[in-house]
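1. Everything below, folded, please.
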Amino acid sequence: MPDDLDTDPRPIIARLRDGGGLDQAGATQIARGLADGGVSDAQAGAFAMAVLTRGLSTEGRAALTRAMRDSGHVLRWDLPGAVFDKHSTGGIGDVVSLILAPLLAACGVFVPMISGRGLGHTGGTLDKLEAIPGYDCDLTEDRFRQVVTEVGCAIVAASGDLAPADRRLYAIRDEAAAVQSVDLITASILSKKLAAGLDALVLDVKSGSGAFLQSQKEAHELAESLVWTANAAGCRTSALITDMDQPLARAAGNALEVAEAIACLRGAPSALRDLTLKLSAEALALAGQGDAEAQVTEALDSGRAAEAFARMVAAQGGPADLVEAPERYLTPAPVIRPIPAPDGFVAEIDATALGQAVVALGGGRVRSGEVIDHRVGLSDLRRLAEPTEGQLGLVHAASDAEADAAIAAVQAACRIAPEAPPAGPLVRGHVAPPAGGPQNYRQQAEN
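-> Purely as a prediction, here's the structure:
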């Protein structure tokens, strides 16, 4: 037995296993042990399984999130405005972050966005940005602070000392078959985001065929968990539950999505534009700013958001004229071919299959650290209820053989019908911050 029982995680794990819950002291001890090695892999796995099987109370979930946030460096800001961020649970063609960060910056909000690389069928924000020649995601903290202060936004990779407890537990959750725990998902997402020192956070929780949680009920449960926990941890937060039964953008693939984000910044109408405006307005509303929808629409339509994006890209090492001439810098794939389809209307899309087709082209990774091809992917994709007019979109591939396989995959992922189905809503739900405090919100949710 260890000499110091205060550092032994076993009583905490046993109490949780037996239904005794998790308090702040226990959560802090577990998080500290995950970060410094005081909790073994076996104990971390047992902890994850106890959380999965027994669950955490709303207070226990908040305690774990705070403890994991505080297991490493927590950023503090001294800026002449609110510090905001946005998080998406991931989907296909979800390039909102590249537009939302400069859009909010153009509205006077500071956005120090810490993002990740993709794994599996959903793309990562950093992968998209690294399709831009010279763009540096790995800024030092001093340079990160400088860019945020001068430009209003920056999008970077997490440093090694940000929420280290989460990084360790995240890896062990898969081995312990505890990935699906809403408690652990909540603590994982929020500990990293809140370590950025945010005043407010807006969440985009996806539901549908391309989402991590496909049912709307599961998505709503996660959204409520995230909103309550973030507010309990001191960060004003709300969530939109949004459609992922089809790609958000008409492109899937890193350089292709950057091109579509630039088109949106330059005024092109799209579902991508619509959702970005809704999420941006939601963020400003959290800050108590009136007429938020008019503010964000003006910032986008006037070109001020595009100017902020251009300054961010240049400040992080990319070309200063990317917005004016994206075709000069975004390298095209050597093979570009149409995806034939019978005449009719798109009635159903397996969005996960489309994401997997991009991964098979080399545009995503199955294992962490794999090199990806930023050129490849899908573009000009037909959306639900639209006529095919003879094709479903274009494949961008490194070879004819890979193009053939992607064409077959996209054709198999889409069902064509003789009549257009009814179009579903882009936003499927909304979870507001608690009006009467976290305790009141918990009681409302349980009723």
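
2. bridging residues for the most centrally placed residue in the chain?
-> Centroid-nearest residue in the chain: Ser88, 3.0 Å away (criterion: C-alpha atoms, centre = their mean). Under the criterion DSSP bridges, Ser88 forms beta bridges with Asp204.

3. next one: Val111
-> Cys153.

4. Can you report how many residues neighbour it?
-> If you count neighbours by other C-beta atoms under 10 Å, Val111 ends up with 28. For glycine as for every other residue, the C-beta is placed from the backbone atoms N, C-alpha and C.

5. quick one: contacts for it?
-> 83-86, 100-102, 104-105, 148, 152-154 (C-beta atoms under 8 Å, 6 or more residues apart in numbering).

6. just Ser159 next, same as before
-> Ser159 touches His73, Glu141, counting by C-beta under 8 Å, 6+ apart.

7. That one in helix, strand or coil?
-> coil (DSSP: H, G, I helix; E, B strand; the rest coil).

8. how close does it get to Glu141?
-> Separation of Ser159 from Glu141 (C-beta to C-beta, to the nearest Å): 7 Å.

9. got a list of what the residue nearest to the centre of the chain touches?
-> Neighbours of Ser88 in contact, by C-beta under 8 Å, 6+ apart: Asp94, Val96, Ser97, Leu203, Asp204, Val205, Lys206.

10. cool, Lys278 as well?
-> For Lys278, the contacting residues are Leu240, Leu426, Val427, by C-beta under 8 Å, 6+ apart.

11. Just the pLDDT for it.
-> We have a pLDDT of 98 for Lys278.

12. which ones are touching the closest residue to Pro112 other than its chain neighbours?
-> Closest residue in space to Pro112, ignoring its immediate chain neighbours: Val148 at 4.8 Å, by C-beta to C-beta, 6 or more residues apart in numbering. Under the criterion of C-beta under 8 Å, 6+ apart, the neighbours of Val148 are Trp77, Leu79, Phe110, Val111, Pro112, Ala154.

13. Could you rerun that using 7 Å?
-> Phe110, Pro112, Ala154 (C-beta atoms under 7 Å, 6 or more residues apart in numbering).

14. between those, which is nearest Glu298?
-> Phe110 (19.1 Å; C-beta to C-beta).

15. any idea how far the closest one lies from Val151?
-> Using C-beta to C-beta, Phe110 is found at 9 Å from Val151.

16. how about the residue nearest to Pro112, secondary structure?
-> Per three-state DSSP, Val148 ends up helix.

17. Next, Ile349: phi, psi?
-> Here is the backbone geometry of Ile349 (degrees, to the nearest 10): phi -130, psi 130.

18. Could you look up the SS state of Leu75?
-> coil.

19. next helix or strand past the helix or strand hosting Ile172?
-> Taking DSSP states H and E as the definition, one finds Ile172 inside helix 164-175. Following helix 164-175 in sequence order, the next helix or strand is helix 182-194 (DSSP H and E).

20. any idea of the mean pLDDT for that following helix?
-> pLDDT averaged over helix 182-194 gives 95.

21. What residues sit buried inside that helix?
-> 182-194 (16 or more other C-beta atoms under 10 Å).

22. circling back: just the buried members of the contacts of Val111?
-> Using 16+ other C-beta under 10 Å, the buried members of the contacts of Val111 are 83-86, 100-102, 104-105, 148, 152-154.

23. Go through the residues you listed and say which is closest to Leu378.
-> Leu100 (22.6 Å).

24. wait, isn't the closest one in contact with Leu277?
-> No. Assessed by C-beta atoms under 7 Å, Leu100 is found out of contact with Leu277, at 9.1 Å.

25. if I read this right, Leu279 contacts Val205, doesn't it?
-> No. Using C-beta under 7 Å, Leu279 makes no contact with Val205, being 11.2 Å away.

26. So which of the two has more stuff around it?
-> Taking other C-beta under 10 Å, Leu279 and Val205 do not tie; Val205 has more neighbours (31 against 26).

27. Mind pulling the model confidence for that one?
-> The model's pLDDT for Val205 equals 97.

28. distance of it from Val182?
-> As for Val205, its distance to Val182 is 11 Å (criterion: C-beta to C-beta).

29. on that earlier part again, now tabulate the buried residues of helix 182-194 in JSON lines and tack on distance to Asp321.
-> JSON lines is the format used below for those (distance: C-beta to C-beta, whole Å):
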{"residue": "Val182", "distance to Asp321": "45"}
{"residue": "Asp183", "distance to Asp321": "47"}
{"residue": "Leu184", "distance to Asp321": "44"}
{"residue": "Ile185", "distance to Asp321": "40"}
{"residue": "Thr186", "distance to Asp321": "42"}
{"residue": "Ala187", "distance to Asp321": "42"}
{"residue": "Ser188", "distance to Asp321": "38"}
{"residue": "Ile189", "distance to Asp321": "36"}
{"residue": "Leu190", "distance to Asp321": "38"}
{"residue": "Ser191", "distance to Asp321": "38"}
{"residue": "Lys192", "distance to Asp321": "33"}
{"residue": "Lys193", "distance to Asp321": "32"}
{"residue": "Leu194", "distance to Asp321": "36"}
